[in-house]
Every structure is written in structure tokens, then in C-alpha cells.
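Peer 1: Whatever this is, show me its structure:
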Amino acid sequence: QVQLVESGGRLVQAGGSLRLSCAASGRTFSSAAMGWFRQAPGKEREFVAGISWSTNTYYADSVKGRFTISRDNAKNTVYLQMNSLKPEDTAVYYCAARAGITTIATTGAGYDYWGQGTQVTVST
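Peer 2: Presented below is the predicted three-dimensional model:
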């Protein structure tokens, strides 16, 4: 069992930066691939970034070059550093974990555990 708690979301101006954190509990965190997803009002949830147990990373084209996903297994935490934020980045951001699977998935169906989400709002 893995429990995930996101934090760090807030209102920020366009061009600004935020770092989201996802604190995980559970013994399998270090071997689990992790992902960040987001859902904007009226839109479907979409993949943002993923990181494998070996710290391989993968990004959606819309955030590539602006966002960086990382993990600290000693702290059971995964991060999403978001730079050059745009109004279209406004969404609820969710952290997700794969149960006992070390490789990244880019669809929500590939993840077994989800956090409650944290709101990111980017103003013009």
C-alpha cells in the first residue's frame, strides 16, 4: 500500500516557477515508478511527467524543457519543478505511483495509487 500527499500548488504569475512535492508512504516507494498528471476544468486528465526507479524520466511535449521531475528515495518524495509557467498550465496536479513496477507509464490506467491533488493556477 502506498499513500501519496501532494503539496506546493498555489497562484503564480505567468513566467514564474513552482515546485510541487509528493510525499509517499510505503516500503515499495524506492522501486516504484512515479508520475505527475494534471486535470484542467472541463478537460481530461493528462500525463505530465514520469520517473522510473532508476531515475529515467519522460515528459509530455507540452512541458518538455520547462518542467523537471526528480525523486529523493531517502525522503520518499518525488518533485515536479515547473519553470516558465503559462496560463495553460493551470490545473489540479496529481501524483501517482505504480505498484511494484519500475518503469514509467504515460496513461493513468498504468498507476495504482493517487494523491488528492494540488491546485496550480497561473495568472496572466
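Peer 1: How many neighbouring residues does residue 36 have?
Peer 2: 26 (other Cβ atoms under 10 Å). Yep, even glycine has a C-beta here, placed from its N, CA and C like the rest.
Peer 1: Which helix or strand contains it?
Peer 2: Element membership of residue 36, judged by DSSP states H and E, is strand 34-39.
Peer 1: How about residues contacting that strand?
Peer 2: By Cβ atoms under 8 Å, 6 or more residues apart in numbering, the residues outside strand 34-39 that reach it are 20, 22, 24, 45-51, 69, 71, 78, 80, 89, 91-98, 104-106, 108, 110-111, 117, 120.
Peer 1: Mind checking which of these are buried?
Peer 2: By neighbour count, with 16 or more other Cβ atoms under 10 Å, the contacts of strand 34-39 hold 20, 22, 24, 45-51, 69, 71, 78, 80, 89, 91-98, 104-105, 108, 110-111, 117, 120 as buried.
Peer 1: So which of those are in strands?
Peer 2: With DSSP state E as the criterion, strands contain 20, 22, 24, 46-51, 69, 71, 78, 80, 91-97, 120 from among these.
Peer 1: Contacts only, for the closest residue in space to residue 2 that isn't next to it in sequence.
Peer 2: When the adjacent residues along the chain are set aside, residue 2 lies closest to residue 26, with 3.8 Å between them (Cβ to Cβ, 6 or more residues apart in numbering). Listed by Cβ under 8 Å, 6+ apart, the contact partners of residue 26 are 1, 2, 3, 76.
Peer 1: what do you get for residue 75?
Peer 2: If you count contacts by Cβ under 8 Å, 6+ apart, residue 75 has them with residue 23.
Peer 1: before we move on, what about residue 67?
Peer 2: 48, 49, 59, 80, 81, 82, 83.
Peer 1: Make CSV from these and add distance to residue 9 and pLDDT to it.
Peer 2: CSV is the format used below for those (distance: Cβ to Cβ, whole Å; pLDDT from 0 to 100):
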residue, distance to residue 9, pLDDT
48, 13, 98
49, 15, 98
59, 19, 98
80, 10, 98
81, 13, 98
82, 10, 98
83, 15, 98
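Peer 1: Output these in JSON lines, with distance to residue 13 appended to each entry.
Peer 2: Converted to JSON lines, these look like this (distance: Cβ to Cβ, whole Å):
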{"residue": "48", "distance to residue 13": "20"}
{"residue": "49", "distance to residue 13": "22"}
{"residue": "59", "distance to residue 13": "23"}
{"residue": "80", "distance to residue 13": "18"}
{"residue": "81", "distance to residue 13": "17"}
{"residue": "82", "distance to residue 13": "13"}
{"residue": "83", "distance to residue 13": "13"}
